[in-house]
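K.L.:
Give me a model of this one.
(one chain, ligands or ions: 1)
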Amino acid sequence: MFELIKTAKNHRGRVGKLHTNHGIINTPAFMPVGTQGSVKAVTVDMLHDINTQIILGNTYHLSLRPGVDLIKEFGGLHRFINWNKPILTDSGGYQVFSLKGLRKVDNDGVTFQSHLDGSKVRFTPEGVVDLQLGFNSDILMPLDICTPYPAEKLQVAVDMAITAKWETRQRDHWEKHRDKGNLLFGIIQGGMHADLREESAKDITALDFPGYAIGGLSVGESADIMSEMTAITTAFMPEDKPRYLMGVGLPENMRAAIEAGIDMFDCVAPTRLARHGQFFASEHQRSNISNEQFKTDQRPLVESCQCMTCQHYSRAYIRHLFKAKEMLAATLLSVHNLAFLIHLVDEIRNDILNQ
Ligand SMILES: [Zn+2]
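P.N.:
So this is what the prediction gives:
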């Protein structure tokens, strides 16, 4: 259930509360990604420490390994990974459609080869909902077709039509389990075409999901096109449901998306960049800790940052760790990058509340 608390006066940004089985998410919210049931290099205590409200898991990866049966034996993903706040699981559609190997789509689902051992795996719309109910995810995402970018408009339209049929089936299947309180979101596609975005938004929102995601963006298009498509799509999304922009979460993209009416974000970039030595220095600037200029620098990564890394460690020390290939470098940089994004979104949320 989504409570809209306030809408900004000078843009389309909103503040809300999304109620889930494992607590309330204050929106707008940034969601760290924990593909394999772990936000890479970061412990659950560290996630709590930086006020993480919700994390992501991935159905494709978790269903192949360790498998839904083991997770069910633990009563769900929360206990298995020791995370007691909300979890959103992505359907795995994105992974299936980015696989290099054999893949066959038909009206009833997709058959593909596991990247682990090459074995044949089949995902159906209903089956993907069942997997996520097995994880006991708070928010479930439907199986959809992620059209590569760039693509012919006809291909985008064909994939969108199949996705809409699959989402109808997934909505119907989820309805039978609705009383358990797990929330299934709809995903709006349409590539970089305004008319297809509008059509998809109308078709999917007619299915009356508890929330809606915008898929198929942040796939290689320019930031301007991404912003334009986001704003076009949110215009056709209902006010009283949460809006999730999938795969977007660099500091420089957050403000525009929130001002277009987005409530939720996820992105692997903060932790992936950290593993490559990069840290967020400001909303519009990234630095690399390996730079010579940080060699003797006793200051924290960002002087105003309240995160554990910036409270206790210097740039010179983190640079030394990174150069020495110590694992702690990835941990310290990941904590900072995640904290930076979460704090940025908190600030924007407070600005809207204080308008
Ligand atoms: Zn920091």
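
K.L.:
Pick out the residue of the stretch 1-150 of the chain closest to the ion.
P.N.:
Proximity of the stretch 1-150 of the chain to the ion (CB to the ion) peaks at I50, 8.7 Å away. C-beta: built from backbone N, CA, C; applies to glycine.

K.L.:
residue contacts, P28?
P.N.:
The contact partners of P28, taken as CB atoms under 8 Å, 6 or more residues apart in numbering, are G13, R14, V15, I258, I262, D263, M264, F265, V345, I348, R349.

K.L.:
Check G57 too.
P.N.:
G34, T35, Q36, G37, L77, I81, I87, L88, T89, D90, F135, S137.

K.L.:
do you know how far the last one is from V128?
P.N.:
Going from S137 to V128 by CB to CB, to the nearest Å gives 11 Å.

K.L.:
go on, the third one?
P.N.:
In this view, Q36 and V128 are 18 Å apart by CB to CB.

K.L.:
Kindly report the domain assignment for the protein.
P.N.:
Residue ranges for the domains of the chain, per automatic domain parsing: 30-220, 276-355.

K.L.:
hang on, the earlier thing: now the contacts of G57: which count as buried?
P.N.:
G34, T35, G37, L77, I81, I87, L88, T89, D90, F135, S137 (16 or more other CB atoms under 10 Å).

K.L.:
The fourth one contacts S137, correct?
P.N.:
So the one you mean is L77. Yes - contact criterion CB atoms under 8 Å: L77 and S137 qualify, at 6.5 Å.

K.L.:
what is in contact with these two at once?
P.N.:
Counting by CB under 8 Å, 6+ apart, the common neighbours of L77 and S137 are G57, I87, T89.

K.L.:
Reformat those as JSON lines; add distance to the ion, secondary structure and pLDDT.
P.N.:
Output for the shared contacts of L77 and S137, formatted as JSON lines (distance: CB to the ion, whole Å; DSSP: H, G, I helix; E, B strand; the rest coil; pLDDT from 0 to 100):
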{"residue": "G57", "distance to the ion": "25", "secondary structure": "strand", "pLDDT": "98"}
{"residue": "I87", "distance to the ion": "25", "secondary structure": "strand", "pLDDT": "98"}
{"residue": "T89", "distance to the ion": "28", "secondary structure": "strand", "pLDDT": "98"}
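
K.L.:
show me the contacts for the residue of the chain positioned farthest from its centre.
P.N.:
Counting by CA atoms, centre = their mean, the extreme residue of the chain relative to its mean C-alpha position is T296, 36.4 Å from that point. Neighbouring residues of T296 by CB under 8 Å, 6+ apart: A316.
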